[in-house]
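Visitor: Provided below are the primary sequence and the corresponding predicted coordinates.
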Amino acid sequence: MNDLFEPIIDGILNEGYGLTDNFLTADEVTALASRLRQRREAGQFKAAGIGNQQVKVEQAIRGDEILWLDEGNATAEETAFLQRIGSFVDYVNQTCYLGLRDYEFHYALYPPGTFYKRHLDQFRSDSRRKLSVICYLNSDWKEADGGQLALYLPDAENNTERQVTISPIGGRLVCFESARLEHEVLPATRERLSVTGWLKTNY
Ligand SMILES: O=C(O)CCC(=O)C(=O)O
Ligand SMILES: [Fe+2]
């Protein structure tokens with residue numbers, strides 16, 4: 001597993017974000033994507049909100065629909081995903097001493113043309129989210145399909161920032177510090193599927 005996890009941590013420390021294209025196999029991507037669609041067709045998804053106190057649906061800010069994963073009713077492919085995340089958490093704790101204690105993940109589906117405007121993932125009133133993790137479930141994604149994740153990387157030396165855009169290719173995982181890195185989801189021409197979550201401390 002270290003070969004899989006080490007480049008993610010190296011990326012966060014050296015570039016401000018970590019990325020691997022092999023977090024999930026093509027078969028795992030297909031299985032999770034069909035489960036996502038099945039659960040959405042069963043009416044389990046809700047429009048995503050903003051904030052953590054009075055959660056408001058605000059489509060001018062974000063247009064995705066989400067469903068939180070629940071270990072209690074997880075299917076085999078969902079359990080396998082959460083277990084891999086669990087191993088990643090153990091690895092991070094052994095190498096970075098972040099003291100991660102918990103994680104939470106939701107499926108997300110962005111209908112064509114929807115987006116999530118530039119934001120930070122950490123809430124003002126709650127600093128437990130330490131690392132943001134996004135894993136994409138889109139087979140055959142093309143650059144022209146859009147839907148990139150834009151990261152705004154601060155360049156402390158000359159007080160500027162650099163934008164990096166990442167296509168939501170199936171199996172790819174992106175990870176960054178929730179309190180530090182502003183980011184944005186650009187609109188796509190087709191449905192854009194992912195599992196997104198946060199690795200958390202108790203404080
Ligand atoms: O799907 C992505 O690329 C990012 C999602 C995101 O920023 C979020 O859910 O907070
Ligand atoms: Fe975000």
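Guide: Thanks, I have it. The structure displayed is predicted, hence computed values, not measured ones. Numbers count the residues shown, from 1 in each chain. Ligands and ions are numbered 1, 2, ... in the order given.

Visitor: For the rest of this, base every contact and every neighbour count on C-alpha atoms.
Guide: Will do.

Visitor: Would you mind naming what in this structure lies close to ligand 1?
Guide: Within the chain, the positions adjacent to ligand 1 are 121, 134, 149, 184, 185, 196 by CA under 6 Å from any ligand atom.

Visitor: Please spell out which residue in the chain sits farthest from the middle.
Guide: When distances to the mean C-alpha position of the chain are computed (CA atoms, centre = their mean), the maximum falls on residue 158, with 29.1 Å.

Visitor: any chance of the residues of the chain next to ligand 1 in a markdown table, plus neighbour count?
Guide: Below are these laid out as a markdown table (neighbours: other CA atoms under 10 Å):
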| residue | neighbour count |
| --- | --- |
| 121 | 21 |
| 134 | 22 |
| 149 | 21 |
| 184 | 20 |
| 185 | 25 |
| 196 | 21 |
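
Visitor: Looking at those residues, which is nearest residue 78?
Guide: Among those, residue 196 lies closest to residue 78 (CA to CA), at 12.7 Å.

Visitor: Just the element for the closest one, please.
Guide: Assigned by DSSP states H and E, residue 196 belongs to strand 192-200.

Visitor: cool, residue 103 as well?
Guide: Assigned by DSSP H and E, residue 103 falls in strand 102-110.

Visitor: cool, and residue 30?
Guide: Using DSSP H and E, residue 30 maps to helix 26-41.

Visitor: Go through that helix and flag the buried ones.
Guide: Neighbour counts using 16 or more other CA atoms under 10 Å place 28, 29, 30, 32, 33, 35, 36, 37, 40 of helix 26-41 among the buried residues.

Visitor: Dump those residues to a markdown table, plus pLDDT.
Guide: Shown next, in a markdown table, are the buried residues of helix 26-41 (pLDDT from 0 to 100):
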| residue | pLDDT |
| --- | --- |
| 28 | 98 |
| 29 | 98 |
| 30 | 98 |
| 32 | 98 |
| 33 | 98 |
| 35 | 98 |
| 36 | 98 |
| 37 | 98 |
| 40 | 98 |
